[in-house]
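K.L.:
Build me a structure from this.
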Amino acid sequence: MPLVAHSDLPTLQRLKAAGTTVVLPEDRAADQYIRELHIGLLNMMPDAALEATERQFFRLVGESNPIAQFYVHPFTLDAIPRGGKAAAHIARYYEPFERIRAEGLDALIITGANVTGEDLSREPFWGPLGEVITWAWDNVTTTLLSCLASHAVLHFRYGQPRVMQPAKRWGVFTHRVVDKRHPLVADVNTRFDVPHSRWNDVSRAQFEAAGLRVLVESAEVGVHLATSADGLRLVFFQGHPEYDTISLLKEFKRDALLFTQGKLPSFPPFPANYVPPLEQAILLEWRDRLAEAASQGRPYPDFPEALVSRHLDNTWHDTAEAVVGNWMGCMYQVTHRDRRRPFMEGIDPEDPLGLYTV
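P.N.:
Numbers count the residues shown, from 1 in each chain. Model (predicted):
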């Protein structure tokens, strides 16, 4: 069912132009009961990825299939520094957390952030993020956590801090469903791909020590999908199933330029299982031209995005769409929009989906 354009956020118009169903509030069918579901998007991504992240998660929500209309409410944390353009975008289109907390949500998505330090408790957003996490646990039916947000909750709520890895885990990796009972993976391929891009990891042993339920993992990069013990209140992604086909390519370009500027110690390797051999050769030629231009103080050569991107395959989006659709369906099953009723009234908080009760 459609996204509802309850604001003039440009992301909604871009998605509509790309074929996603987006309607105005007054277009809701008057002759049938269509449920409103309100989803928050706490966007912690850096300025350059702010709007792309909006589009990625809005699109996944809009492609899910419960009988409902989705109002997505973007917000961020004031503790995350912003440049002029991003700050203006947030000031115009984002909502304050105080309003979201007062009006309530059915579900919440918390994005990752571009932080490489191992100890998240030292980051300036740690306290405000903890406030959102605590509020959501008591007031939101289900929260989906992406990458760094998963790491933050595992540290903040379960005392399981992430661990820096010897090398960056990035690329597209094969994963397997290890708990087929859960509705989050209903009608999903038992083996599928997920992109990853991170220096830090929380191991399966840490997930299990926290009493969490692992649903999907990779032999190469570990746990991707897990839930809180109740099966729904918290949903953890360590990977990035929301990524566009070219997201990893853009990250490669970013890291290559950072290396050229002396801000990274080495030129980035190619993301695993992602760039075909011929396109790798194109990027290596660009690398050499980039180094030559930098040494001579000349302008950098254009990045060959068009030449490379047309031969990149997307082997994860359909599964991401299915998993997020299942997540929305689980939320739809147990949430109440009548605000006169207590949060999740009549639902067993230890097993809201009725999966584990004997």
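K.L.:
Residue 100 contacts residue 72, correct?
P.N.:
No - between residue 100 and residue 72 there is no contact under C-beta atoms under 8 Å: 11.3 Å. (Glycine included, C-beta is placed from N, CA and C.)
K.L.:
which sections of the chain are below the confidence cut-off?
P.N.:
In the predicted model of the chain, residues 1-3, 5, 15, 18-21, 23-34, 65-67, 336-346, 357-358 satisfy pLDDT under 70.
K.L.:
all helices in it, in order from the N-terminus.
P.N.:
Under the criterion DSSP state H, the chain contains helices at 10-17, 50-63, 84-93, 97-103, 126-139, 148-156, 204-209, 247-260, 277-296, 305-309, 317-334.
K.L.:
name the helices or strands packed onto the third one?
P.N.:
What it means is helix 84-93. Taking 3 or more C-beta pairs under 8 Å, 6 or more residues apart in numbering; DSSP states H and E as contact, the helices and strands that helix 84-93 lies on are helix 50-63.
K.L.:
quick revisit: residue 100 and residue 72: which is more packed in?
P.N.:
In terms of neighbours (other C-beta atoms under 10 Å), residue 72 is the more surrounded of residue 100 and residue 72; the figures are 25 against 21.
K.L.:
got the buried residues for stretch 36-56?
P.N.:
Neighbour counts over stretch 36-56 (16 or more other C-beta atoms under 10 Å) mark 37-47, 49-56 as buried.
K.L.:
same check, this time on stretch 224-244
P.N.:
Buried residues in stretch 224-244 (16+ other C-beta under 10 Å): 224-228, 230-244.
K.L.:
any idea how far residue 57 is from the residue nearest the centre of the chain?
P.N.:
Nearest to the geometric centre of the chain sits residue 146, at 4.0 Å (C-alpha atoms, centre = their mean). Residue 146 sits 8 Å away from residue 57, going by C-beta to C-beta, to the nearest Å.
K.L.:
any residues in contact with both of the two?
P.N.:
With C-beta atoms under 8 Å, 6 or more residues apart in numbering applied, the overlap between the contact sets of residue 146 and residue 57 consists of 109, 111, 242.
K.L.:
List the contacts of the second one.
P.N.:
Yep, that's residue 111 we're talking about. 41-45, 53, 57, 146-147, 149.
K.L.:
Equivalent analysis for the last one, please.
P.N.:
When contacts are counted by C-beta under 8 Å, 6+ apart, residue 242 is found next to 53, 56-57, 60, 146, 320.
K.L.:
Quickly check the contacts of residue 111 for the two that are furthest apart.
P.N.:
For the contacts of residue 111, with distances taken as C-beta to C-beta, the pair at the greatest spread is 41 and 147 (14.6 Å).
K.L.:
just to revisit the earlier point, dump the contacts of residue 111 to a markdown table, plus distance to residue 84.
P.N.:
Below are the contacts of residue 111 laid out as a markdown table (distance: C-beta to C-beta, whole Å):
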| residue | distance to residue 84 |
| --- | --- |
| 41 | 22 |
| 42 | 22 |
| 43 | 17 |
| 44 | 19 |
| 45 | 17 |
| 53 | 19 |
| 57 | 24 |
| 146 | 26 |
| 147 | 27 |
| 149 | 26 |
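K.L.:
Give me the subset of those lying in strands.
P.N.:
Per DSSP state E, strands hold the following members of the contacts of residue 111: 41-42, 146.
K.L.:
Just the closest of the residues you listed to residue 197, please.
P.N.:
Using C-beta to C-beta, residue 146 comes nearest to residue 197 of these, at 11.2 Å.
K.L.:
Would you confirm that the closest one contacts residue 240?
P.N.:
Yes - with contact defined as C-beta under 8 Å, residue 146 reaches residue 240; the gap is 6.9 Å.
K.L.:
any shared contact partners between the two?
P.N.:
In contact with both residue 146 and residue 240: residue 112, using C-beta under 8 Å, 6+ apart.
K.L.:
show me the contacts for residue 44.
P.N.:
76-77, 80, 110-113, 125, 129, 148-149.
K.L.:
repeat that for 7 Å
P.N.:
Neighbouring residues of residue 44 by C-beta atoms under 7 Å, 6 or more residues apart in numbering: 76-77, 80, 111-113, 125.
K.L.:
with these in mind, which one is nearest to residue 168?
P.N.:
Comparing these against residue 168 with C-beta to C-beta places residue 112 closest, at 14.0 Å.
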